[in-house]
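A.B. asks: next comes the sequence, and after it the predicted model I'd like to discuss.
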Amino acid sequence: MIIRALEFKEFSDCQALLDMIDDRDFVFKYKHDLEIKFETMVGWFLKEKMEITSRAIPPQLDDGRKIDLLSLYIMVEKDGGYQSVTMDNLWPAIAKDLGFEYQDGDFIRIIYAMYLDVLVFYYKFKSVQKKAQDKEMLEQEETTMAGYGYDRSRKNKSADADLSPDDSATEHYALFTRNSWNGSWNIHKKRRRFNFSEARKAVDEANKSVMMKP
């Protein structure tokens, strides 16, 4: 009911939906409803914030196959974001996870850039901005309390920690695609650089092995 009732009138509504998507179990349970609402959000952002009305929602390949924008967003985020995915040449793997072919990777990259890149940048900017504002408010409160004898040595460091990367997170690496958005989410946090030639060689060898069996 919360998902279906959500309307997009301000960017804070987009933030609310993107915050929900951070909860993996929530996404698994309400994936269908979230897909529809995510597309509505992207359409609103393109029209209202970027003044673009010519892009189809959802985007499609030339053969009519639709691209699931929610799954695309989830997989790119788990692989470190647009720049990281591009530098590590992971677009072919993401294309495969979305149900397309390795060679569709560059097209998927363009779709992400056209539909999601600015939205994600704006969301992260707003999130950091809010954390900075919360930190400033906390410091002002502590300064006020210090005037009444409050011990500043007991300052809560949580605001600083929120603005710093989580260095304790363990990276897991996988070369080959899992052929599903949820498999991609569960298996790894960040894949190593994708080698298209190696992947094609593995597929050819697997096909050859199948053909040789009686």
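C.D. replies: Received, thanks.
A.B. asks: which of the helices and strands in this protein ranks last by mean pLDDT?
C.D. replies: When the helices and strands of the chain are scored by mean pLDDT, DSSP states H and E, helix 158-162 comes last with a mean of 47.
A.B. asks: okay, helices next: where are they in the chain?
C.D. replies: 2-5, 11-21, 24-29, 31-44, 69-78, 82-87, 91-97, 105-115, 117-146, 158-162, 181-187, 196-212 (DSSP state H).
A.B. asks: which strands or helices does the fifth one pack on?
C.D. replies: Looking back up the chat, that one is helix 69-78. Counting contacts by 3 or more CB pairs under 8 Å, 6 or more residues apart in numbering; DSSP states H and E, helix 69-78 is packed against helix 11-21, helix 31-44, helix 91-97, helix 105-115, helix 181-187. Quick note: C-beta positions are derived from backbone N, CA and C, even for glycine.
A.B. asks: ranking those by burial, who's on top?
C.D. replies: Counting by mean count of other CB atoms under 10 Å, helix 91-97 has the highest mean neighbour count of the helices and strands packed on helix 69-78, with a mean of 24.
A.B. asks: list the helices and strands that one packs on?
C.D. replies: Helices and strands touching helix 91-97, as assessed by 3+ CB pairs under 8 Å, 6+ apart, comprise helix 69-78, helix 105-115, helix 181-187, helix 196-212.
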